[in-house]
Structure formats: C-alpha cells, structure tokens
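S.K.: Give me a model of this one.
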Amino acid sequence: MTVALALLLGSITMGWLAPRLLRRLSDPVVAVVAWLTSIAAVVTTSAVAMVLLLLPEHGLAFLDTLHNCWESVRHGTTPTIEVISGLTGGALLTALLVRFAIVGARSARQRAHAREEHRSVLRLAGRREPGAHPTVWLDHDRPLAFSLPGKPGLVVATEGLRRHLTPEEVDAVLDHERAHLNGRHHLLVAAADAVAAALPILPLFTRAASSIRELVEMSADLA
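M.R.: Next comes the predicted model:
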C-alpha cells in the first residue's frame with residue numbers, strides 16, 4: 001500500500017505543479033505534446049496506484065477482498081486496512097473510468113451532431129471549391145474563416161476575406177485553417193475538453209483545454 005500511496009502523491013503533485021512548468025515552453029508543438037504526455041502520465045500513474053490498492057500486501061484479488069470484507073462484517077469484526085483500501089481503490093477507479101467514458105461519449109455525440117448540422121447548412125448556403133480540404137465560400141462581407149473536421153475536412157471562409165485582404169493574406173488565412181485539419185487539432189481540443197469535464201480535480205486537467213486551444217492556434221500560425 002505504501003507504493004500505491006507514493007504513486008498517488010506523485011500524481012497529485014504533478015497535477016498541481018506541471019501547468020506552471022508547461023506554460024514556460026515556447027515551441028507550441030513541443031508544448032502540446034508535453035501537455036498530453038503529462039495528462040496521460042498522471043492518469044496512468046493514478047490508475048496504477050488504484051490497481052495496487054486492489055492488490056494489497058497479502059496479494060488478495062478483488063473478489064477475495066470482497067469475500068474477506070463480507071466475512072468481517074458477518075462476524076462483527078473490523079475489516080483490515082488492506083481490505084478497506086482495496087475496496088476504496090476499486091470503487092474510485094471504476095467511478096473514474098465510467099465518468100470518463102460517459103463524458104467522452106456524450107461530448108463526441110454532441111460534436112458530431114453539431115458538425116452535421118453545420119455541413120447541412122453549408123451545402124445550401126456555400127459555394128464549394130475543390131481541394132484536399134475543400135473550401136466553402138459564404139457570401140458575407142465580414143472577413144471570417146474556420147475549419148470543420150470530418151471526411152473530408154472543410155475550410156469555411158467568407159467572401160469578405162477577398163474584399164478586405166490581399167491575395168497573400170487570404171492564402172495565409174486558409175493555410176492556417178488547413179493546418180488545423182492536417183494536425184487534427186480539433187481532436188486534441190476535444191480530448192482536452194473531455195478530460196477537463198470528466199476530471200475537474202487538478203489544475204493540469206482544468207487548464208489543459210484553454211492552454212491547448214492557444215497552442216494549436218500558435219502551431220497553425222507557424223504553418
């Protein structure tokens with residue numbers, strides 16, 4: 001149990017301190033990788049710690065732990081600390097996995113539904129320009145552009161870009177949006193959002209979404 005507690009303490013410490021260090025990274029690609037790696041490390045280490053709680057020092061499996069706990073209650077004795085820690089770790093691990101799965105699935109459904117609605121509107125309102133990532137042009141004077149993931153990914157832009165910007169500037173804006181699609185930045189942001197929603201317990205998780213949003217914009221700018 002000592003090893004499990006040490007792993008949990010290390011995960012909590014990293015979850016609190018890592019954001020301060022990660023914000024110092026200047027290269028956006030390196031910073032995104034560092035954020036994702038840190039999140040994966042904390043989640044994995046915490047999961048391993050909880051699994052170790054399921055396997056206390058006496059080497060009991062989870063079913064044996066439940067059996068011993070039941071026997072202790074039936075005979076009016078207090079369960080051992082190993083049994084209690086095993087049950088607690090199992091309950092926490094199960095709850096976290098279920099919560100993450102539910103939040104992730106719900107978020108994926110919402111994003112897919114919104115994406116299909118956007119595509120339906122664009123088929124009617126936009127003029128499609130072919131390409132690896134087709135560009136859909138909307139007749140609007142305000143200069144705007146965004147990317148829409150999918151198969152294929154779309155770049156959506158307004159005619160206002162051409163009216164207010166030079167051709168070189170328009171190309172730069174479109175390249176920025178194509179970089180988002182090529183780098184699958186939407187998936188990175190969606191994953192960070194899911195982690196923040198499912199595990200709002202450490203700064204590493206709660207700050208990941210906003211930080212990764214900024215970093216993918218910087219990465220697209222570099223492209």
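S.K.: and the closest residue to Asp139 other than its chain neighbours, how far is that from Leu174?
M.R.: Among residues not flanking Asp139 along the chain, Glu159 sits closest, at 5.4 Å (CB to CB, 6 or more residues apart in numbering). The way it works is simple: take the backbone N, C-alpha and C, and place the C-beta from them, glycine included. Distance of Glu159 to Leu174, given as CB to CB, to the nearest Å: 13 Å.
S.K.: Kindly report the same for His185.
M.R.: From His185 across to Leu174, the span is 15 Å (CB to CB).
S.K.: show me where pLDDT drops low in this structure?
M.R.: The model of the chain has pLDDT under 70 over residues 1, 53-90, 93.
S.K.: same thing but 90
M.R.: 1-12, 15, 26, 43-134, 149-153, 190-202, 209, 223 (pLDDT under 90).
S.K.: how about the strands in it?
M.R.: 127-129, 135-138, 145-148, 154-158 (DSSP state E).
S.K.: ok so, going back, so for Glu159 and Leu174, which residue has more residues nearby?
M.R.: A count of neighbours by other CB atoms under 10 Å puts Leu174 above the other of Glu159 and Leu174, at 19 against 15.
S.K.: so who does that one touch?
M.R.: Contacts for Leu174 (CB atoms under 8 Å, 6 or more residues apart in numbering) come out as Thr135, Ala145, Val155, Ala157.
S.K.: out of the residues you listed, who's nearest His113?
M.R.: Of all these, His113 sits closest to Val155, with 21.1 Å by CB to CB.
S.K.: With Arg115 as the reference, measure out to that closest one.
M.R.: According to CB to CB, Val155 and Arg115 sit 14 Å apart.
S.K.: ok, the closest residue in space to Gly10 that isn't next to it in sequence - how many residues close by?
M.R.: The shortest distance from Gly10 to any non-neighbouring residue, by CB to CB, 6+ apart, is to Thr45 (6.5 Å). Using other CB under 10 Å, Thr45 is surrounded by 17 other residues.
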